[in-house]
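Participant: Predicted model and sequence follow; I will ask about them next.
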Amino acid sequence: MKIAELGIEDRPREKMLAKGPAALSSAELIAIIIGSGSGGLNAVEVGLQLLKSADWRLSLLSVRSVEALRQQKGVGVANALKIAAALELGRRFLEEGSAAREVHIRTPRQVYSLMLPTFKGLDHEELWMVCLNSRCRMTGKQCLTKGGEARTTVDLKQISRIALEKKASNVVLVHNHPAGDPSPSHQDIAETAAIRKALQAVDIGLLDHVIISDRRFFSFNEDSVLDE
């Protein structure tokens, strides 16, 4: 069925004008972005097919490449670019929400809230460092490594240099476990100990290492792993 054949109250544009964007489904919002469908599908049906292919999760859709998006029936290059751009704006909005004000980090829950938008939907591990001054105000954050289950060995000298450049008195390490279980591996524990020792050599403290999955986190500090 063509969009024009729907009742006026069911057409995405008219519905959004009348009720606002919150009233639209995710498929209808995608329809607004792409404007029209193709390949025998209307824009809403294209949105539904895209969401179905991502297990109905925007987090999984957000990490699709433009090339992967364009392979979906009814999408094509132009619409794939529009969808990827919209999802990237959403990701940047979430990150900007933390950067728009002075951010103080005092608990692993705050670390989780800060970094979840960065890790949401990733299919690989990334190790980040959040830098804090003596009042626990964030002075910056930096991705240190990217990889699979066996991450590239971290460069201890580089970590110390970055922390010094960002005027850190203390840092918090953060990485994700895409499989969903945030419990630390033996490699995580050994890697954390090595980084802590390197930072101590330049008089910078390691306050915590927080491992994040989509719905929960593990704190080395809360579970006293840093004391072992």
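Facilitator: Happy to help now that I have it. Source: prediction; values computed, not measured. Numbering: from 1, shown residues only.

Participant: got a list of contacts for the longest strand anywhere in the chain?
Facilitator: What stands out as the longest strand in the chain, according to DSSP state E, is strand 138-147. Strand 138-147 has contacts (CB atoms under 8 Å, 6 or more residues apart in numbering) with 103-105, 114-115, 124-133, 151-152, 154-155, 158-159, 162, 166-168. Backbone N, C-alpha and C define where each C-beta goes, glycine included.

Participant: let's see it at 6 Å
Facilitator: 103, 105, 125-133, 151-152, 154, 162, 166-168 (CB atoms under 6 Å, 6 or more residues apart in numbering).

Participant: Derive a ChimeraX selection command for the buried subset of those.
Facilitator: Remark: buried members of these, expressed as a ChimeraX selection using 16 or more other CB atoms under 10 Å:
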select :103,105,125,126,127,128,129,130,131,132,151,154,162,166,168
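
Participant: Sitting in strands, which of the contacts of strand 138-147 do you find?
Facilitator: Residues of these located in strands (DSSP E): 125, 126, 127, 128, 129, 130, 131, 132.

Participant: so which two of those residues are the farthest from each other?
Facilitator: 125 and 132 (22.7 Å; CB to CB).

Participant: Contact partners for residue 115?
Facilitator: Residues in contact with residue 115 (CB under 6 Å, 6+ apart) are residue 174.

Participant: Pretty sure it sits in a helix.
Facilitator: Yes. Secondary structure of residue 115 (DSSP: H, G, I helix; E, B strand; the rest coil): part of a helix.

Participant: Could you report the separation of it from residue 67?
Facilitator: Using CB to CB, to the nearest Å, residue 115 is found at 27 Å from residue 67.

Participant: out of everything not next to it in sequence, what's closest to residue 76?
Facilitator: Leaving aside its chain neighbours, residue 76 sits nearest to residue 70 (5.8 Å; criterion: CB to CB, 6 or more residues apart in numbering).

Participant: Can you tell me how far that neighbour is from residue 77?
Facilitator: Separation of residue 70 from residue 77 (CB to CB): 5 Å.

Participant: Counting neighbours, which bits of the lengthiest helix in the chain end up buried?
Facilitator: Ranked by residue count and defined by DSSP state H, the top helix of the chain is helix 76-99. Within helix 76-99, the residues scored as buried using 16+ other CB under 10 Å are 76, 79, 80, 82, 83, 84, 87, 91, 98.

Participant: Give me the pLDDT for the residue sitting nearest the centre point of the chain.
Facilitator: Geometric centre of the chain, nearest residue: residue 118, 2.5 Å, by CA atoms, centre = their mean. Residue 118 is assigned a predicted lDDT (pLDDT) of 87.

Participant: All good on my end, thank you.
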